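A.B. asks: Prediction below, plus the sequence it came from.
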Amino acid sequence: MILSTLLFSCQKFLDDVPQTSFTSGNAYRSANDVENALAGCYNIFYYDYYQWENVMLSDNRSDNAYPGGGGEDTFVDEDQFQVPPSNSHNFYQWWAQLYQGIARCNVLLEKINDVKDPQIDVNSRRQQIIGEASFLRALHYFNLVKLYGGVPLELKSNTADPAVTRKPRATEKQVYDQIVADLEIALSNLPDEYGDVTIDKVRATKGAANALLAKVWAQREDRDYSKVLQYCNAVISSPAGYQLLPSYEKLFDGSNYYNQEAIMIIPFIEGNWSASNWAVQLYLAPEDGWQKYCVPSKDLVNAYLNEGDFVRMRANIIFWTNIPWADENWSPCGNPTDSVPFNYKQKHPAGWASGDCYYILRLADILTLKAEAQNELNDLPGAIATLNLVRARVGLPNIDAANKEDMKRKILNERRLELAFEAHRWDDLTRAGVATDVMTSLNEYKYTCENGTPSAPIKINYRVDKNHWIMPIPQPEIDANPNLVQNPGY
Amino acid sequence: MKKYIDENVFVTTETFRKILLKMKFTILLIFIAVIQVSASVYSQETYLNLSVKDKSLRDVFKLIEKESNFRFFYNDEFTELDRNINIDIKDKKIDDILAMIFTGSEVTYRILENNIIVITPFSKTLPQQLVIQGKVTDATSGEPLPGVNIVVEGTSIGTISGENGEYSIEVPDSRSVLVFSFVGMISQKIVVGNQQIINVSLQPDLAQLEEVVVVGYGAQKKKDVTGAVAVISSKDMEARANTQFGNSIEGKAAGVQVIRPSGQPQAGFSIRIRGTSSITSASDPLYIVDGVQTYSINEINPADIESISVLKDASSAAIYGSSGANGVVLITTKHGSYNQKTRVTFNSSMMTSQAWKKLSVLNSEQFKDLAIELGLPSIDWSRYSENTNWQDLVFRNAFTQNYQLAVTGGDNKTSYYVSGSAINQEGIVLNNSVKRATFKINFDHKVSSFFKVGTNLSYDKWTDIPVPENDRNGVITRLLTTVPIIGVWDKDNPAHYALNPFIPDLENPVSTVYQPEQNYKNNRFHGNVFAELSPLKDLKFKSLLGFEHSNGIFSSFLNPIQTRYGRTMDGIANEGDYEYTYWVTENTLDFTKQINDHNISVLAGFIASRENSHSVWLGSHGFGGSSAIKTVTPGTVQNVPQVSIYEKSHAAFIARLNYSFKDKYLITSNFRADGSGQFSPENRWGYFPSFSAGWRISKEEFFQNITAINDLKLRIGWGLVGNDRANPYAWYGLVSPAFYVIGGNLVNASYPSTLENSALRWEKTGQLNIGIDAAILNSRISFSADYYNKKTTDLLLYVPIPASVGIPDNTALQNAGSLQNKGFELQFSSKNILKEHFTWNTDFNINFNRSKVLDVVGTVMHTGPINPAGTTYNLSIVKAGEPLGIFYGYISDGVDPETGMIMYRDLNSDGSIDDNDKTIIGNANPKFTYGLTNSFSFKNFTLDIFLQGVQGNDIFNATRILTESMRLGMNQSATVINRWRKPGDKTSIPKAIKDDVTNSNISTRYIEDGSYLRVKSVTLGYKLPEVFVTKFKITQFMVFVTAENLLTFTKYSGFDPEVSAFNSSNMDNTNKNTAPGVDYGTYPQSRDFIFGINVTF
């Protein structure tokens, strides 16, 4: 008797309950809990992948930029297509963070069905939340499939049981089908607007779902340009009233992110340590002495110069002198009078606490994509007209194109100039099928310094073939999941 | 206790009386056993005052009994006791008083070890029996030995030797065997035969079998111990003047490895008992100070320690169930004793410390040569004309002061020990220091004959200034990699620290030492209060409440002007505050009974404890260029304050049975049921049994003729112990708070950060121990040898799970995998020379441990991350079938004389060097570790020489990845002077190529033999002669000189072979356990010279 009382009170005594975390048992009860969990799904946008690695993976890997950063092997490897599968930190991180984003959505999508709080059904909020989480899951899978090809389809994220977690890779098509399925749910559940511009541009909307569907149908192997056109048009004619911002410059001046062109952005607040953009300091602010990353390439600078596109060049690139380091491409001997360019897309480093935002989706991307679809669907005049809308904004003359192929090249170039440093370039090159050609024919040089004078140019050898359009599956992931098969060529 | 016993106790043959007597003797023996701890010192340290006139001896005895703990046994019919005496004495020991009383008397006396004084008449001759006479002497000194107990074996016939060592005893017949015994001496047995005079000289009992060993929830005589317990006494520690607990234990006990992660005085120690028995759970032993667990062993003042018991095997540690898996270290602090004259001890020492080795790096000219060869950007060399030797600038002659004052004493009801100490220790790197003040009081009081209360309490205050290390940007790596061409301050802007012109974000090491300004402060209370109740003489109830309470504050401030990073961030301030509390309540019931030859003792108890931690972390930057206020407050960008609170609760039921028969057969069994709040309600109880048995072969009949072996005991034991030391709230699926911006404002967010695992349960370690203890050649030589085999199953493992599950860190805590450690250890002790003025003792221990990972759920774990070049690489691997702590990488076949590039071995012969060519390239586990102590004493001099070493281990010298890479504009090791320069050059150092990392791959190039033999400590002591000392009313005055790390024999090329980059306290357990033996700019051990005095009043 005494013993059993003692045992019982022991059991109670031993109930240690977390005080500075929620638990899976108490974090998803009320409508408010679910809103927090949904904000947690968005919060993955503050992680390395969405803060800057996607820009590095696209613009550094392509012809837009050099790695910079003082020759750190991670980015040199990425730039020169020699990523070892075993590189366990940076390269594994993208894979892991995108799946963390997916897990947050998976958990929410599962838990939301059990929420009894009537508040959650006011104004169909439950449906909207399902739409937002489905959209985000689709976005993460889209980025994964572009980076790695077919990946394991994890739609639960609720166990460590090896029998469940060691999923084999799905095919690329299966992944895309899942993305489309999620986006269709998003499309039917999401509103066009939430009634406040600072929310409309931050949460997923019908416009965002349409825009992403357009991009997905353009990117997948079994692409369908009529669907691309359909979804682009849905964005363009959206009740949300998306319009090109008349001034390209203002898009990136740091104070107009909640604008009519934006479909979805990652919002930051300057000086707020839990919601600021630290990545800007990695591109700008040379006075801190750290060599900066994602250095604009000579090829990109020439692309702007050839087009006479000074508006967009000025908005995206800035040249400075008196740089406290030597740049192997632009200033090999560290001469103070050498001009070195910087990625200027975001302009206010603010000591690692920038308030500059990122566009995940904006109308110019969708307009140029529409032109691409029109061209692919053999509507050359339509494509030219659409593309000229984007050119007109930056004061460039209307273009003409001899044929579909010519137009295709021009659209590709237009997108490069319009969307530089917004993490689109690599996908554009692979979608157009020209990634290998572009990279192998790229004439980029680096230099060393010999007794105060730059050495003879050393051609940078981009060892790329189609296998290297996608990344290796990170080796630690294969160690943890022996059912994964490495991509060919790695 | 009964006072009157029959005169015939020692002479009668009457059966009835014999039985009666045996029972009385039994009671006596139990009593002896119980109070053994402090008895022998009592008679030597108790001073009495006595003043009587014309009182009978009987009355005098009563008076003494009233005034002291001494009790008299005598036959009431002795007429001698009616003799009246006069006596008037002050401050005399009991020996002196009794000698005075009984001079010329018909009776003699003997003081037993338990403060019982037995009065017996000198022999009476009984005609029908043989009378044996003789003299007992001390074999070492040749002096007569009074008070020796002499009994006829198998009977209760006995007597005690007189003051001149003489005795007389009547024995039944010539077959009788006389047993001579005396405390601290080896008993001797002699067959009477036809001898009438038997003179005996007794040897000192060097094996100290009667020594009491502190074990879990109690104490045991050394001879009765059946598990593997190592004991380190204060005597062992005195030979090494030290400031840290870790020094006290280092190299003194076989199988106890002290790992020093760093030479920083605040770095502390990490201890592994019989290898590492966990992968991701904590592997440090459980530390129990005066019955209360603690994590802060660095704060203990070693001078307060009376003894340390290390419970190595599971059968000893099982009573601690939870966390006993890594062994248990029981620390007992010094106590006073009853009726002890007040004694004051003062110790003081001064120490100077230096770096014992400096490494050669390139000088300015050599560096310039390399810079040009690398094609680094041109600089105006005339502005960079310094030739700075950073090691000379940053290493210093450090100075340390240490003071301790202790007072101990007691009256007949109360005893106490009070001490205070202060230490101010400098590290050998500029600015690095520790200050520690401790205060301790141990007190106990007998409320009545059956009720005792007491407390052990310590308070300490700790302040330190750390310097960063074990990192690419730590001070030690910067000593080697900072270019010699700059000075400390920038020539153009003397408010700025000078920077490397090639890599401007690389700060110089002086800047690293002083910026940020860092400071750590801690206050800690630790102790207990207890009450002991003995309602019956065999029964003892003890209730103890233990607690620990500590508060710490860490603060740092990076000046907004002096460093480049400080300027970028415009100053950074951080502050971390924490509070830790722990309490435990223990209630134990102890029952001891001897029935004839059977000795039984039973312990049962209930224990509950809870620890609570609360920490706050604040940070800010943006100080507007001002460093006037160095706290977080003025920063314009404030971090979100991080608050972390956790609680861990434990409850346990314990039981123990000790049984021995005739002191020959010993059995101990423990059981503990342990509940942990770390696990879900269904799985929180773990059950931990243990069994051990001992056989004292030397007590057997057949062994009696083997005189060369004095003691021989076989031990065998098996037990199961547990470990629940994972992150707090281990079984819960935690959902962490976060933020996002919606509507232009921050909103709350949450995300799953761990997976729930309600099946999580105790990690268990089963261990078999087989041991032998022996003492030979009159116990001049004694040794213990143990074989152990321990297997840890249900490892609390952060199992690598596919990142596709989406849980941060890609791990889930599970019970998975198993691990084995088996080994052999030997402890050897020899009294080589035992002369009156010269003694020489040798202690030696050696341990062979082999670990093996049996299973890690079919996967491998890559651990030990370093980031030498912007990318993280793991040096170590955890793989089934291999030991824990192995290095993984390429095999380097040296430098290709044609190309100057490192040739990596193409293991799979596929023509390319890639991940498939990586293999196991080294093993950080020593083949064996050993310690050797030689102690000499010559007249008033003592000399202690302590050697310690490890053999057959590899070190991964990751520092060399930085100092021999020749890829960036940083300084390099002088070895690169021999670099490859042109085809045909044969050298081990490859070509210098800017930005090349291929020559710096993780490979055998950086694996070095880590074996070393170190003259750890040499202490020369001198005790001032008594004549001098008594003149100043001082009991003892000693001066000593100690040299630490005097000599090191090693082939290791780095600063110091004692390295373990991942063992610093801020590293996670997985890397601590799985990636030992890595040098990554580790702060080296210093060479110290200590001068000290030790005075007792």
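C.D. replies: Looks like it came in fine.
A.B. asks: In three-state terms, how would B:Lys223 be classified?
C.D. replies: helix (DSSP: H, G, I helix; E, B strand; the rest coil).
A.B. asks: these two touch, right, it and B:Lys713?
C.D. replies: Yes - the criterion here is C-beta atoms under 8 Å, and B:Lys223 meets it with B:Lys713 at 7.2 Å. (C-beta placed from N, C-alpha, C; glycine too.)
A.B. asks: Pull up the overlap in contacts between the two.
C.D. replies: Residues touching both B:Lys223 and B:Lys713 (C-beta atoms under 8 Å, 6 or more residues apart in numbering or on different chains): B:Arg696.
A.B. asks: ok, those two, which is more surrounded?
C.D. replies: Per other C-beta atoms under 10 Å in any protein chain shown, whichever of B:Lys223 and B:Lys713 has more neighbours is B:Lys713, with 24 against 21.
A.B. asks: Give the helix, strand or coil label for whichever residue of the stretch 951-1097 of chain B sits closest to chain A.
C.D. replies: Proximity of the stretch 951-1097 of chain B to chain A (C-beta to the nearest C-beta) peaks at B:Asp995, 3.9 Å away. Three-state assignment for B:Asp995 (three-state DSSP): coil.
A.B. asks: How many residues are close by it?
C.D. replies: By other C-beta under 10 Å, neighbour count at B:Asp995 equals 18.
A.B. asks: just checking, it touches B:Arg967?
C.D. replies: Yes - if you go by C-beta under 8 Å, B:Asp995 and B:Arg967 touch, sitting 5.6 Å apart.
A.B. asks: Show me what from the stretch 551-700 of chain B comes close to chain A.
C.D. replies: By the rule C-beta under 8 Å from any C-beta of the partner chain, the part of the stretch 551-700 of chain B lying against chain A is B:564-565, B:567-570, B:606, B:608, B:610, B:619, B:621-622, B:636-640, B:643-651, B:675-678, B:681, B:684.
A.B. asks: Apply 6 Å and report the result again.
C.D. replies: Proximity of the stretch 551-700 of chain B to chain A, by C-beta under 6 Å from any C-beta of the partner chain, involves residues B:564, B:568-569, B:637, B:639-640, B:643-645, B:647, B:649, B:651, B:675, B:677, B:684.
A.B. asks: Return the residues in contact with A:Leu109.
C.D. replies: Going by C-beta atoms under 6 Å, 6 or more residues apart in numbering or on different chains, A:Leu109 touches A:Ala133.
A.B. asks: Mind telling me what element the residue in the stretch 101-250 of chain A that chain B sits nearest to is part of?
C.D. replies: Of all residues in the stretch 101-250 of chain A, the one sitting closest to chain B is A:Ala103 (2.4 Å; C-beta to the nearest C-beta). When elements are assigned from DSSP states H and E, A:Ala103 belongs to helix A:90-111.
A.B. asks: Likewise for A:Met313?
C.D. replies: helix A:310-316.
A.B. asks: Which other helices and strands does that helix contact?
C.D. replies: helix A:248-251 (3 or more C-beta pairs under 6 Å, 6 or more residues apart in numbering or on different chains; DSSP states H and E).
A.B. asks: redo that, cut-off 8 Å
C.D. replies: helix A:248-251, helix A:298-307, helix A:404-419 (3 or more C-beta pairs under 8 Å, 6 or more residues apart in numbering or on different chains; DSSP states H and E).
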